[in-house]
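Visitor: sequence plus the predicted model coming up.
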Amino acid sequence: MAAVREHSDYVYKVAHQPSAAASSPIAASWRRCMTLHGLAPEEGRQPLRLSGMEFELARQRSAELILEAGGELDRLFATVGRAGCCLLLTDDKGVALERRGAVGDDADFRDVGLWSGTVWSEASVGTNGIGTAIADERAVVIQRDQHFLSSNIGLSCTTAPIRDHLGRLAAAIDISTCRSDASEMTMSLLSQAVRDAAARIEAGLFRRAFASARIVLVPVDRAGPALLAVDRDDLVLGATRAARQWLDLDDKRIAAGVPASDLLREDTSGDAGELPDAERAALRRVLSRANGNVSMAADLLGISRATLYRKMKRLQVN
């Protein structure tokens with residue numbers, strides 16, 4: 001009881017210091033919980049729980065996400081499940097859509113509300129991995145007394161946001177533990193694992209959304225997958241959040257039509273050279289498919305051998 005009172009007093013003290021909120025993401029979250037959501041750290045509250053119908057509707061809205069993330073959740077749980085960890089996949093509102101946990105740990109996690117159908121937004125339970133990652137739109141680690149509610153100071157959690165094919169926040173994936181020996185190093189390792197899992201799910205969602213397009217990896221060192229979806233004419237159809245940030249892309253530029261080669265600063269010889277280059281590339285592809293047989297290539301192109309030879313000579317294709 002003394003620990004609860006001490007934690008509550010500390011939260012009040014820090015949250016009322018504007019300078020602390022400006023310099024610390026945790027303090028900023030605590031301040032939001034008090035001023036925006038009207039919460040008190042000493043409250044013994046559980047996360048909100050959806051009704052059965054509300055939960056099913058939330059799952060239906062996130063059907064593609066659940067389908068894409070299932071395998072990744074299983075793989076991640078196989079790695080961390082025996083360490084007393086629970087996994088949650090939530091939507092962008094913090095609703096726990098999918099859960100992975102060991103049967104022996106279920107009672108502990110159910111008691112604190114880490115269960116399917118619960119809502120782990122900041123408005124529901126204050127500062128926590130899921131709610132704060134969604135609010136700040138970044139990966140976070142929230143250890144024990146960094147939680148807003150004193151009732152949650154036995155938890156440690158690490159969460160990463162997941163974005164949809166348009167770069168918008170769509171979900172979050174979380175690893176939580178009730179173990180008292182969860183060190184800073186342990187949480188750092190779990191944080192990397194959850195960020196990697198989020199990146200793979202995000203990339204999978206992007207590929208699903210642009211199943212018929214060519215996917216191009218943008219060579220950048222940036223959090224999250226940097227991918228472009230490109231059509232047969234080299235025009236960009238879509239881009240992940242990381243690619244949008246790196247290449248200064250938005251929906252308007254994508255809708256207007258922008259060549260991927262321009263964005264990636266690939267060497268081109270200007271508009272006058274682009275058509276011959278494209279024609280040369282097309283000829284080489286057909287010749288490759290025909291294993292160098294000019295007659296077969298001409299048939300594939302629907303032109304005579306003589307015409308094909310003239311094109312090969314003009315475009316310097318041997």
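Guide: Sure, I can see it.

Visitor: chain center to the helix ranked longest in the chain, what's the gap?
Guide: Criterion DSSP state H: the longest helix present in the chain is helix 184-209. With CA atoms, centre = their mean, to the nearest Å as the basis, helix 184-209 stands 7 Å off its chain's centre.

Visitor: mind listing the strands for the stretch 101-250 of the chain?
Guide: Taking DSSP state E, counting those that start in this stretch, the strands of the stretch 101-250 of the chain run over residues 118-119, 140-143, 156-163, 169-177, 214-217, 227-230, 236-239.

Visitor: which residue is nearest the middle of the protein?
Guide: In the chain, the centroid-proximal residue (CA atoms, centre = their mean) is Ile162; its distance is 2.5 Å.

Visitor: list the beta-bridge partners for that residue.
Guide: Applying DSSP bridges to Ile162 yields these beta-bridge partners: Ala171.

Visitor: show me what contacts it?
Guide: Counting by CB atoms under 8 Å, 6 or more residues apart in numbering, Ile162 touches Leu65, Ala69, Leu169, Ala170, Ala171, Ala172, Ile173, Ala198, Ile201, Glu202, Leu205. C-beta: built from backbone N, CA, C; applies to glycine.

Visitor: tell me, how many neighbours does the closest residue to the last one other than its chain neighbours end up with?
Guide: To tie it back to what came earlier, the one meant is Leu205. Sequence neighbours aside, Glu68 is the residue nearest to Leu205 in space, at 5.4 Å (criterion: CB to CB, 6 or more residues apart in numbering). Glu68 has 21 neighbours, counted by other CB atoms under 10 Å.

Visitor: shouldn't Glu68 be in contact with Phe206?
Guide: No - checked against CB atoms under 8 Å, the pair Glu68 and Phe206 is beyond contact range at 9.8 Å.

Visitor: torsion angles phi and psi at the closest residue in space to Glu98 that isn't next to it in sequence?
Guide: In space, and not counting its chain neighbours, Glu98 is closest to Leu89: 4.1 Å by CB to CB, 6+ apart. With angles defined as degrees, to the nearest 10, Leu89 sits at phi -110, psi 120.

Visitor: again, but for Arg61
Guide: Dihedral angles (degrees, to the nearest 10) for Arg61: phi -70, psi -30.
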